[in-house]
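Asker: how would this look folded up:
(chains A, B, C and D)
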There are 2 protein chains.
Amino acid sequence: MKISQGVEWGLHCATLLALAPPDRVVRRDRLAAHYGLPEAYLAKHLQAMARAGVLHAVPGPRGGYRLGREAARITVLDVVEAVEGSTPPFLCQEIRQRGTGALPPDQCRRPCAIHATMTAADQAWRASLRTVTIADLVARLPAGVRERNEKIVS
Amino acid sequence: MKISQGVEWGLHCATLLALAPPDRVVRRDRLAAHYGLPEAYLAKHLQAMARAGVLHAVPGPRGGYRLGREAARITVLDVVEAVEGSTPPFLCQEIRQRGTGALPPDQCRRPCAIHATMTAADQAWRASLRTVTIADLVARLPAGVRERNEKIVS
DNA sequence: CCAATCGTGGACAACAAATATCCGCGATAG
DNA sequence: CTATCGCGGATATTTGTTGTCCACGATTGG
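Answerer: Modelled structure (predicted):
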């Protein structure tokens, strides 16, 4: 089980964009250079975030990205789901219905206890990520770092 | 982000083994056939669980597997970590220290807020999985299924 | 209107991880 | 001593992640 690095990239970029003035956009190559990331691949994640409404993309000369809504209304979970997709990490294969011990389908109306347990854990994980917003991430930046990055994106 | 199917296999097998009389072992091919799983690959996961102490393996004729300790003292998290390993799902790449916006190492003593958020969510996930034991999974089996499987492994 | 800029999205390649199989080894019961 | 059964290393196969490239559309400024 592994979380793609695109999540980290997306969260750092969103945090940086949150420091820009409201209508200011930041070019993709700026974002990539700022964190030393491959621009073409970062583009994929930024596009996914834009499709999810987390970011807003502006085409044409003077184009770039800005946040899709206020930083306080974008949760970390929003970014994670935008980048990773929202398919649940545990996919029940229903092996209780296979093999020599297979159960008849009518005994399998409810999800098995294993499935339920994994789902509950996943919901706990998501709930935890939902409690933190991009605004919170900004607030937790060291003051010096915040000022410095603010200057860069303005 | 995806949880390997070996976790599901391991949990179902552990639940089945919990139904066997205390000193009874179940052969690997029985477990595989019961759930319709590829025996050679299932073996990998069972071995990992045995190494972690979740299962106990008995070699030789009349050999097989039994639980490594009482079902009430094996949590779902134990099985998940035995099968998946315990490397955290989020690996911080410290991109704040790379690129044109790189921060000096002395500004990066503490993990960044993103790292902390992902770690907290991971701990919530683990805590949730720790609240459920193999004994709980057995208790949640429909009565008919429990009796039937008990007969099979005794 | 034209040309340069910039994001979009599809195709594609390289690489890593999960999935799956096989076989020789050691342990052990009978 | 031999047949059984788990162990673990070597090795394919498939899938997913990571990363690149390019033709396209939108937009700005001359």
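
Asker: And for A:Ala102, the neighbour number?
Answerer: By other CB atoms under 10 Å in any protein chain shown, the residues close to A:Ala102 number 16. Where C-beta positions appear, they are placed from N, C-alpha and C, glycine not excepted.

Asker: Apologies, that question was intended for A:Ala14.
Answerer: Neighbour count for A:Ala14, taken as other CB under 10 Å: 27.

Asker: same deal with A:Pro89?
Answerer: Neighbourhood size, A:Pro89 [other CB under 10 Å]: 18.

Asker: right, and it touches B:Val7 too?
Answerer: No. A:Pro89 lies out of contact with B:Val7 (CB atoms under 8 Å); the separation is 10.0 Å.

Asker: Contact residues of chain A facing DNA strand D?
Answerer: Neighbours of DNA strand D within chain A, by CB under 7 Å from any atom of the strand: A:2, A:4-6, A:38-41, A:43-44, A:59-63.

Asker: out of these, which one sits closest to A:Thr100?
Answerer: Among the residues of chain A next to DNA strand D, A:Lys2 lies closest to A:Thr100 (CB to CB), at 33.8 Å.

Asker: ok, the closest one - contacts?
Answerer: Residues in contact with A:Lys2, defined by CB atoms under 8 Å, 6 or more residues apart in numbering or on different chains, are B:1, B:89, B:91.

Asker: Can you get me a residue count around the residue nearest to A:Ala20 when sequence neighbours are not counted?
Answerer: Ranked by CB to CB, 6 or more residues apart in numbering or on different chains and with sequence neighbours excluded, the top spatial neighbour of A:Ala20 is A:Val153, at 4.0 Å. When neighbours are counted by other CB under 10 Å, A:Val153 registers 20.

Asker: A:Val153 contacts A:Leu19, doesn't it?
Answerer: Yes. Using CB under 8 Å, A:Val153 and A:Leu19 qualify as a contacting pair, with a distance of 5.4 Å.

Asker: Now, of the residues of chain A next to DNA strand D, which are buried?
Answerer: Buried members of the residues of chain A next to DNA strand D, counted by 16 or more other CB atoms under 10 Å in any protein chain shown: A:5-6.

Asker: What is the lowest-pLDDT residue among the residues of chain A next to DNA strand D?
Answerer: Comparing pLDDT over those, the lowest score belongs to A:Lys2 (93).

Asker: From the contact counts, what lies against the helix-or-strand element of chain A with minimal mean pLDDT?
Answerer: Sorted by mean pLDDT, DSSP states H and E, the helices and strands of chain A end with helix A:143-153, the least confident at a mean of 96. Packing partners of helix A:143-153 (3 or more CB pairs under 8 Å, 6 or more residues apart in numbering or on different chains; DSSP states H and E): helix A:5-17.

Asker: Do you have the strands of chain A handy? List them.
Answerer: Per DSSP state E, chain A carries strands over the ranges A:55-58, A:64-67.

Asker: how about JSON lines for these, with distance to B:Arg98 added?
Answerer: Listed next are those as JSON lines, based on distance: least, CB to CB, whole Å:
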{"stretch": "strand A:55-58", "distance to B:Arg98": "21"}
{"stretch": "strand A:64-67", "distance to B:Arg98": "20"}
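
Asker: Now the residue of chain A positioned farthest from its centre. Nearest residue, chain neighbours left out?
Answerer: Most distant residue from the mean C-alpha position of chain A: A:Thr100, 41.9 Å away (CA atoms, centre = their mean). Among residues not flanking A:Thr100 along the chain, B:Ala33 sits closest, at 4.9 Å (CB to CB, 6+ apart).

Asker: Pull the contacting residues for the one you found.
Answerer: With CB under 8 Å, 6+ apart, B:Ala33 has these contacts: A:99-100, B:39.

Asker: still on that earlier bit, show me what counts as buried in the least confident helix or strand of chain A.
Answerer: A:145, A:149-150, A:153.

Asker: what about it and DNA strand C, touching?
Answerer: No. Using CB under 7 Å from any atom of the strand, helix A:143-153 stays clear of DNA strand C, with a minimum separation of 12.7 Å.
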